[in-house]
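> sequence first, then the predicted structure, then my questions.
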Amino acid sequence: MASSKVANRYAQSFIDTSVEKNILARVTNDFDLVYQSLIKSRELLRAFKSPIIKKETKQSILAEVFGKLISKDSLDFLNFVIEKGREELFVEILEKFESLKDEHIGAVKVNVITAFDFSDDQKIKLQQKFESHLKKSARLTFKVDQNIIGGFIAKVGDTVYNASMLHQLGLLRKQLLQHGITLN
């Protein structure tokens, strides 16, 4: 809980700075690159979280890996986080930054799980449905899970929209059992 508040303060502070300097779009791209790198490289994440590795070494790693790929403002902010000894919160800070940025620009992230790959047309139609329903710009990310049989499951913040065949079959089974009808 306390770490969440700290991550929120750091993210909010840099959102404010980014908006003030008119660099929000650039910083968003930078932070997405850093976030994806940390998620995909356990070794890199472990290095930043390690209490044994000195701050200066962590800052050198940061400069070596991201120095030519991200803006000076983004690099300075991440170095500041290391300087304050909060680098173990990198992932949480970056996630909170994305959430606050979406809130600032009136957008929402929608994580969609489908039983099969949607066509581009289906993706556009689903995005339009969510934008119409949520009254916000929607950024959809897709993942395939064949276990849901058909349809989709979408998560927006804490809200889940379950339009999967697996869920519908479960509801039908429950309804049949409530009315004394046995299956088998």
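Perfect, I can see it now. Numbers count the residues shown, from 1 in each chain.
> low pLDDT regions in the chain?
1, 180-184 (pLDDT under 70).
> now the strands for the chain?
With strands called from DSSP state E, the chain shows them at 107-114, 137-144, 151-156, 159-164.
> tally of neighbours for Ser18?
Neighbours of Ser18 under the rule other C-beta atoms under 10 Å: 23. In this view, the C-beta of every residue, glycine as well, is placed from N, C-alpha and C.
> which residues touch it?
Leu24, Val27, Asp73 (C-beta atoms under 8 Å, 6 or more residues apart in numbering).
> so what are the domain limits for the chain?
According to automatic domain parsing, the chain comprises the domains 2-103, 106-178.
> give me whichever of the ones you listed is most buried.
Of all those, domain 2-103 carries the top mean neighbour count, a mean of 16, counting by mean count of other C-beta atoms under 10 Å.
> and that domain, end to end?
Domain 2-103 has an end-to-end distance of 22 Å (criterion: C-alpha to C-alpha, to the nearest Å).
> now do stretch 16-29
Using C-alpha to C-alpha, the end-to-end distance of stretch 16-29 comes out at 16 Å.
> ok now it, how far from the chain's centre?
Here stretch 16-29 is found 18 Å from its chain centre; the criterion is C-alpha atoms, centre = their mean, to the nearest Å.
> picking up where we left off before, quick one: which of the contacts of Ser18 is nearest Ser41?
Distance to Ser41, by C-beta to C-beta, is smallest for Val27 among those, at 21.0 Å.
> show me what contacts the closest one?
By C-beta under 8 Å, 6+ apart, the contact set of Val27 is Phe14, Ser18, Ser71, Asp73, Ser74, Phe77.
> please convert the residues you listed to JSON lines, extending it with distance to Arg173.
Output for the contacts of Val27, formatted as JSON lines (distance: C-beta to C-beta, whole Å):
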{"residue": "Phe14", "distance to Arg173": "49"}
{"residue": "Ser18", "distance to Arg173": "50"}
{"residue": "Ser71", "distance to Arg173": "54"}
{"residue": "Asp73", "distance to Arg173": "55"}
{"residue": "Ser74", "distance to Arg173": "51"}
{"residue": "Phe77", "distance to Arg173": "51"}
